[in-house]
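# Would you be able to build a 3D model of this:
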Amino acid sequence: MKHQLTKEVTIARREIVRVQVDRFHLFYYDFFHRSETIEMAKFFFETVYNLDGKEEWETLAFSTYEKVKNMMKEGTRESVERLIELNSITDELDIQMAELLLSKGWELGKEITQEQYFNLFCELDRRETRKKQLEVVLFNLKKFYELAHKPVSAYIIKPAAMMARLLGVYPLFKKVEQGYYATLPVHQDLFNEFYAIVQEKEWDFLHKAFPTLKEET
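Okay, the predicted model is just below:
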């Protein structure tokens, strides 16, 4: 379901996304500065959250995907579906954060701090949805890595991209392709290190915001 956003909410959402991506850069600084992991870090912490082209992507995802999903290989289809799910959850949360930010008299275009972002994050709450979002993020990390390192993927990625272009749904497939090439050069041990750190830091962030979640797990 697509949201009809006001200009103010759109601008506020951009600020929410900006400060969120900044947090990722702070948390995962090393991975953004190691030659083997730069592209992987950029994909998972920038590309996936990028608002540019989002309208086109959403339109395809919600109107066209059902018609073309049976033409995709199972691994690709699952990756697209998980991206659609993550996109939907993140959209909902970011828009609600943007509306909360505006309700506090935020001046359009003014940058907020990490502390202000965290306070909004806590005030909005949505802890169960945040938990689901993180579970999908972690699932995506593993699935994209596994997909990129299946020997058969090297043979299907280019024909799949060509088919997506012919069907007019390339933007839908593009993120899967980007994820494939971003994780391909990363060897297993380095990916395991990356995954473990992301898992630890993101759960810590969530538990800091909502201590009761830690008691439940």
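# Can you give me every residue that contacts the spatially most central residue of the chain?
With distances taken as C-alpha atoms, centre = their mean, the residue of the chain nearest its centroid is residue 48 (3.9 Å). With contacts defined as C-beta atoms under 8 Å, 6 or more residues apart in numbering, residue 48 is in contact with 83, 86, 140, 175. (C-beta placed from N, C-alpha, C; glycine too.)
# Residue 16 against residue 117, yeah?
Yes. With contacts defined as C-beta atoms under 8 Å, residue 16 counts as touching residue 117 at a distance of 7.4 Å.
# of the two, who's got more company?
residue 16 (23 against 19; other C-beta atoms under 10 Å).
# what's stretch 109-125 in contact with?
Against stretch 109-125 from outside (C-beta under 8 Å, 6+ apart): 11, 15-16, 18-20, 22-23, 26, 93, 96-97, 100-101, 106, 209-210.
# Let's see that with 6 Å instead.
19, 96, 97, 100, 209 (C-beta atoms under 6 Å, 6 or more residues apart in numbering).
# can you pull out the helices in this protein?
Assigned by DSSP state H, the chain shows helices spanning 7-27, 29-32, 38-45, 54-63, 65-68, 74-103, 114-124, 127-148, 153-166, 170-183, 188-209, 211-216.
# could you redo the ones you listed as a markdown table and give each row mean pLDDT?
A markdown table is the format used below for these (pLDDT from 0 to 100):
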| stretch | mean pLDDT |
| --- | --- |
| helix 7-27 | 95 |
| helix 29-32 | 97 |
| helix 38-45 | 94 |
| helix 54-63 | 67 |
| helix 65-68 | 69 |
| helix 74-103 | 86 |
| helix 114-124 | 97 |
| helix 127-148 | 91 |
| helix 153-166 | 74 |
| helix 170-183 | 82 |
| helix 188-209 | 97 |
| helix 211-216 | 83 |
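# residues contacting residue 44?
By C-beta under 6 Å, 6+ apart, residue 44 has no neighbours at all.
# Apply 10 Å and report the result again.
Residues in contact with residue 44, defined by C-beta atoms under 10 Å, 6 or more residues apart in numbering, are 24, 28, 31, 37, 137, 140-141, 144, 179, 182-183, 194, 198.
# Save those as TSV, and put in neighbour count and distance to residue 122 too.
Below are these laid out as TSV (neighbours: other C-beta atoms under 10 Å; distance: C-beta to C-beta, whole Å):
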residue	neighbour count	distance to residue 122
24	20	18
28	18	22
31	23	26
37	22	30
137	19	19
140	19	25
141	19	25
144	27	30
179	25	31
182	21	32
183	22	32
194	23	27
198	21	21
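# export those to JSON lines and tack on distance to residue 150?
Putting the contacts of residue 44 into JSON lines (distance: C-beta to C-beta, whole Å) gives the following:
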{"residue": "24", "distance to residue 150": "27"}
{"residue": "28", "distance to residue 150": "25"}
{"residue": "31", "distance to residue 150": "23"}
{"residue": "37", "distance to residue 150": "20"}
{"residue": "137", "distance to residue 150": "21"}
{"residue": "140", "distance to residue 150": "16"}
{"residue": "141", "distance to residue 150": "16"}
{"residue": "144", "distance to residue 150": "11"}
{"residue": "179", "distance to residue 150": "13"}
{"residue": "182", "distance to residue 150": "16"}
{"residue": "183", "distance to residue 150": "11"}
{"residue": "194", "distance to residue 150": "19"}
{"residue": "198", "distance to residue 150": "22"}
